[in-house]
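Participant: quick check, what structure comes out for this input:
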Amino acid sequence: MNNILIGGAWPYANGSLHIGHIAGLLPGDVLARYHRAIGDNVYFVSGSDCHGTPVAIRAKQEKKTPQEISDYYHEEFTQCFEKLGFSYDVYTKTSSEEHKEFIQEFHETLYESEYVYEKETAQAYCEDCNSFLADRFVLGKCPKCGADTRGDQCDACGEVLEPETLIEPICAVCGRPITFRDSKHLYIAISKLEPQLRKLVDHQKGWRKNAVSFTNRYIQEGLRDRALTRDLEWGIPVPKEGYDEKTVYIWAENVLGYLSASKLSAEERGSSFEELWGEHAKHYYVHGKDNIPFHTIILPSLLLANGGGWHLPDQIVSSEYLTLEGRKISTSKNYAIWVKDILNRYDPDSLRYFFLANGPEKKDADFSWREYVNSHNGELLGAYGNFINRSLSFITKYWDGVIPEGNSKPEIETEIENLFAEVGSLIEKGAFKDALNRIFESVRAANKFFDTEQPWSTRITDETACKNTLYQCVQIIANLSTVLEPFLPFSSAKVREWLHVDNAWKRKEVPSGYVLPEIHILFERIDKKVVEEELKKLNSLSK
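Facilitator: Residues are numbered from 1 along each chain as shown. Below you'll find the predicted structure:
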């Protein structure tokens with residue numbers, strides 16, 4: 001049994017989740033379900049990112065406290081992830097006492113490191129808002145490419161920025177020009193960690209190409225030291241004398257949530273936190289493209305500088321961008337599909353399937369309502385659901401739901417064994433689209449087998465052949481539901497309950513004579529009229 005850590009990116013608790021978040025995070029749940037099915041000791045952790053300026057500003061706008069705002073969205077996130085079938089072992093929040101305590105202990109040790117130093121530096125300050133600003137709340141033009149950008153990172157060219165380097169910087173809240181005020185802070189010397197970081201990326205075996213190329217570019221352009229503390233009220237107090245009015249900078253504590261959450265999970269199950277973060281574990285990090293440097297540069301830097309011998313990232317599962325009907329998703333313009341809304345209207349497995357089969361795994365992808373409806377009706381319903389329904393309904397109608405006697409053909413047994421091996425290997429490599437394509441090759445082959453064997457005809461002309469065909473189809477269904485469980489947990493659970501099989505990652509066999517319970521339609525057809533309805537709704541709400 002291997003120790004597997006799967007860390008899903010922590011969404012900001014200052015607004016609702018949209019489909020771009022889900023497209024980037026779903027691979028983590030596939031990994032977790034698969035590794036549990038093969039018998040590994042899995043820690044699938046994440047949480048809501050509750051601190052920092054974004055939450056504080058939202059609170060100010062709504063005349064509430066940052067705690068109230070972050071708790072509200074944390075609860076909303078939790079419900080959305082539950083409805084979508086995310087099987088987190090721990091989904092927590094950065095405002096939890098467990099996280100705060102862990103961060104302060106980690107940072108106390110970190111501050112004793114040779115890689116941490118004090119420096120007085122200019123901090124962005126808005127006179128109108130009467131507050132210091134986090135980097136992402138400073139707007140201006142990128143000094144490298146000239147595009148409009150935030151003060152932390154340029155989306156156009158990917159450059160990691162500092163607010164003071166922006167051209168014509170303004171406050172993102174009020175739009176007024178900002179000033180800079182000197183303030184003393186603790187810094188981590190990421191520049192001194194370049195040899196270790198270069199070695200990490202050079203010896204990686206499971207990072208996505210975008211993670212490798214981005215990280216190499218950051219290193220080649222010269223790594224910059226970064227502040228560990230900030231002049232903000234809403235955050236974790238800095239555990240150092242003389243820093244009473246400051247908090248731990250959000251980027252220096254949210255990525256450490258993987259540690260605090262997995263520690264909580266280990267304590268809950270009485271397992272060893274040290275072993276999970278030791279050399280023999282395997283760690284996956286699942287997130288979107290814009291979070292790459294925080295997982296390949298920032299997190300490793302913190303772990304290395306702390307000096308605790310922490311396990312460094314093994315696989316970086318970093319998605320590209322998801323667009324919506326050919327346009328960039330914009331939360332400020334309300335041009336988005338909100339997860340809390342679509343979960344009330346569509347099957348969660350249907351949504352999971354589309355985002356995994358058509359998501360931004362290796363390149364940018366687009367969500368269109370037309371493609372979504374066609375995918376559901378053509379693949380989930382038309383291919384997979386249809387094969388299950390036609391097979392089990394036939395048995396219910398002509399054999400009173402009793403699985404007939406039959407023998408598995410060697411070629412079908414071989415195909416099933418190969419399916420488990422190949423799909424498992426693809427999942428471990430982070431090739432989720434290829435894994436689903438491989439499964440649906442088997443689905444199409446199963447439908448072809450049913451059509452070729454013609455049980456509706458052999459029921460009259462050759463009953464033995466008919467029974468054998470249906471027995472074979474039941475075995476195929478049992479095994480398809482098992483390999484699809486990491487992707488489609490809700491429908492797979494129904495099928496496995498019908499056939500009385502578990503979800504262990506190995507070939508299944510349903511015995512002759514087993515009596516099927518009442519069978520229901522697995523997937524309902526989506527009326528094509530919803531395409532125009534959803535498009536109309538999207539365009540009417542966006543600004």
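Participant: pull the helix or strand with minimum mean pLDDT from this structure.
Facilitator: Sorting the helices and strands of the chain by mean pLDDT, DSSP states H and E puts strand 131-132 at the bottom, at a mean of 80.
Participant: quick one: distance of that strand to the chain centre.
Facilitator: Remark: strand 131-132 is offset 32 Å from the chain centroid, using C-alpha atoms, centre = their mean, to the nearest Å.
Participant: elements contacting that strand?
Facilitator: Applying 3 or more C-beta pairs under 8 Å, 6 or more residues apart in numbering; DSSP states H and E, one finds that strand 131-132 contacts strand 116-126. No exception for glycine: its C-beta is placed from N, CA and C like everyone else's.
Participant: avg pLDDT for the strand it packs on?
Facilitator: Looking at strand 116-126 alone, the average pLDDT works out to 91.
Participant: give me the helices and strands touching that strand, please.
Facilitator: Helices and strands touching strand 116-126, by 3+ C-beta pairs under 8 Å, 6+ apart, are strand 131-132, strand 179-188.
Participant: give me the contacts around the helix or strand just after the shortest one.
Facilitator: Following the chain from strand 131-132 toward its C-terminal end, the next helix or strand by DSSP states H and E is strand 138-141. The contact list for strand 138-141 (C-beta atoms under 8 Å, 6 or more residues apart in numbering) reads 124, 147-151, 163, 166-172, 178.
Participant: listing partners with orientation, what would you give for strand 138-141?
Facilitator: When pairs are called by DSSP bridges, strand 138-141 turns out to pair with strand 148-150 (antiparallel), strand 167-171 (antiparallel).
Participant: any chance of JSON lines for those strands, columns mean pLDDT?
Facilitator: Listed next are those as JSON lines, based on pLDDT from 0 to 100:
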{"stretch": "strand 148-150", "mean pLDDT": "90"}
{"stretch": "strand 167-171", "mean pLDDT": "93"}
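Participant: okay, those in TSV with mean neighbour count next?
Facilitator: What follows is these, written out as TSV (neighbours: other C-beta atoms under 10 Å):
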stretch	mean neighbour count
strand 148-150	18
strand 167-171	15
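Participant: need those in a markdown table with distance to S96, can you?
Facilitator: What follows is the strands paired with strand 138-141, written out as a markdown table (distance: least, C-beta to C-beta, whole Å):
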| stretch | distance to S96 |
| --- | --- |
| strand 148-150 | 28 |
| strand 167-171 | 30 |
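Participant: of all those strands, which lies closest to P360?
Facilitator: When those are compared by C-beta to C-beta, strand 148-150 sits nearest P360, at 21.0 Å.
Participant: how about the helices in the stretch 151-300 of the chain?
Facilitator: Using DSSP state H, counting those that start in this stretch, the helices of the stretch 151-300 of the chain run over 194-202, 209-220, 251-254, 257-269, 273-276, 292-293, 299-306.
Participant: now the angle from the second one to helix 194-202?
Facilitator: In this structure, helix 209-220 runs at an angle of 160 degrees to helix 194-202, with axes from the mean of the first three to the mean of the last three C-alpha atoms, to 10 degrees as the basis.
Participant: tell me the most buried of the helices and strands packed on strand 116-126?
Facilitator: Compared across these, strand 131-132 shows the largest average neighbour count, a mean of 20 (mean count of other C-beta atoms under 10 Å).
Participant: quick one: terminal-to-terminal distance for stretch 127-138?
Facilitator: 13 Å (C-alpha to C-alpha, to the nearest Å).
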